[in-house]
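Participant: Sequence and predicted model, in that order:
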Amino acid sequence: MYMRFSSLGKLAVLALGVGMGLSSHAFADGISATATFTNTPDASLAGVNDYSITLNNTGTTPIGTFWFGWVPGNGFLSATPTDIGTPAGWTEMTTNSGAAIQFVTSTPLAAGSSLTGFTFDSTETPAELLSAFTGMEPGTGDPESTAFVYSGAPLVGVGDQFVVTGATAAAVTPEPSTLALFGTGILGLAGVARRKFLNT
């Protein structure tokens, strides 16, 4: 009887633990985001890049904090960002001695929405932002452009960690007139080659 009760007790504890895990995971799934950055070399400062980030709320809850170059307890940026800009209604500050940027708002980004206007200047190149952080834990090996979002104030509730990636440039499609000129040029060359062949 004791062994039977013990086995049932273990099963009950296991079921309770699984249930709690599922509940916690379901709550964590409410906050989710992706983001991309573009960069342009600064026209007036050699070696400086102007970065612009688009934040996408892919979860089911609003986003009130966007923390770039950061995981809880550590900042990743090797160069302190300057000339930081924000979308309307957001405020910014550098954290971790200039190794991360925290953006906060009192009017959170709604689920399913995207927002541009997160900007900064840096001497870091896009390749460096996407390279692995080599400092001390936490976050060693994560890309420098790793970020965190929270539904409200920083460090309150469950957050979501993701990597801000470089935006993919759209393929350039030639204008129809360009294609027509190219085709005409090819036909012209073919005609010249044919006349030379007939005259030989």
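Facilitator: Good, I have the coordinates.
Participant: tell me the contacts of residue 30?
Facilitator: Contacts for residue 30 (Cβ atoms under 8 Å, 6 or more residues apart in numbering) come out as 59, 60, 61, 151, 158. All C-beta spots, glycine's among them, are computed from the backbone N, C-alpha and C.
Participant: Would you double-check that the second one falls in a strand?
Facilitator: No. Secondary structure assignment places residue 60 outside any strand; it is coil (DSSP: H, G, I helix; E, B strand; the rest coil).
Participant: quick one, what contacts residue 32?
Facilitator: If you count contacts by Cβ under 8 Å, 6+ apart, residue 32 has them with 57, 58, 59, 60, 160, 162.
Participant: among those residues, which ones are buried?
Facilitator: Neighbour counting by 16 or more other Cβ atoms under 10 Å classes 57, 58, 59, 160, 162 among the contacts of residue 32 as buried.
Participant: how about those in a markdown table, adding distance to residue 133?
Facilitator: Shown next, in a markdown table, are the buried ones among the contacts of residue 32 (distance: Cβ to Cβ, whole Å):
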| residue | distance to residue 133 |
| --- | --- |
| 57 | 25 |
| 58 | 24 |
| 59 | 25 |
| 160 | 18 |
| 162 | 15 |
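Participant: Closest one of those residues to residue 89?
Facilitator: Nearest to residue 89 among those is residue 57, at 14.7 Å by Cβ to Cβ.
Participant: low pLDDT regions in this protein?
Facilitator: Across the chain, the ranges flagged by pLDDT under 70 are 1-29, 169-200.
Participant: residue ranges of the helices in it, please?
Facilitator: Applying DSSP state H to the chain gives helices spanning 2-28, 126-130, 176-199.
Participant: Other residues contacting the shortest one?
Facilitator: In this case it means helix 126-130. Against helix 126-130 from outside (Cβ under 8 Å, 6+ apart): 37, 39, 49, 77-78, 122, 143-145, 163-166.
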